[in-house]
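no sequence on hand, only this structure:
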């Protein structure tokens, strides 16, 4: 019996992605990078305030 490479053995849901699937994933990742800078700033400020609000300690995680 001849030995098969991993690529030859792959079938089903673990098969390597097609070039079209790879391009779709690249496009998706790029779209995630193209965020609104103002929205990202507002989200960061909100998260920092929320994390500092109900702390058991008086020390802030994000002192100004």
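Nice, I can see it. Computed from a prediction, not measured in an experiment: that's the story for all the values here. Numbering: from 1, shown residues only.

which is the succeeding secondary structure element to the helix or strand bottoming out on mean pLDDT in the chain?
Within the chain, judged by mean pLDDT, DSSP states H and E, the helix or strand with the poorest mean is helix 6-9; its value is a mean of 53. Next helix or strand after helix 6-9 toward the C-terminus (DSSP states H and E): helix 19-33.

what does the helix or strand following that following helix contact?
With elements assigned by DSSP H and E, the helix or strand that comes after helix 19-33 is helix 37-53. Identification of contacts with helix 37-53 by C-beta atoms under 8 Å, 6 or more residues apart in numbering yields 60-62. In short, each C-beta sits where N, CA and C put it, glycine included.

so for helix 37-53, mean pLDDT?
Helix 37-53 shows a mean pLDDT of 89.

stretch 15-22 now?
Mean predicted confidence for stretch 15-22 is 93.

mind listing what's buried along that stretch?
Going by neighbour count (16 or more other C-beta atoms under 10 Å), nothing in stretch 15-22 comes out as buried.

in stretch 52-64, what's buried?
Using 16+ other C-beta under 10 Å, none of the residues of stretch 52-64 count as buried.

mind checking the end-to-end distance for that stretch?
11 Å (C-alpha to C-alpha, to the nearest Å).

stretch 47-64 too?
End to end - C-alpha to C-alpha - stretch 47-64 spans 14 Å.

quick one: that stretch to chain centroid distance?
25 Å (C-alpha atoms, centre = their mean, to the nearest Å).

make 7 the starting number, not 1.
Okay, using 7 as the starting number, the last item reads as stretch 53-70.

sorry, back to before: now the contacts of helix 43-59 in a markdown table, with distance to residue 55 and pLDDT?
Below are the contacts of helix 43-59 laid out as a markdown table (distance: C-beta to C-beta, whole Å; pLDDT from 0 to 100):
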| residue | distance to residue 55 | pLDDT |
| --- | --- | --- |
| 66 | 10 | 84 |
| 67 | 10 | 82 |
| 68 | 8 | 81 |
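
these in strands, which ones?
Among the contacts of helix 43-59, none falls in strands (DSSP state E).
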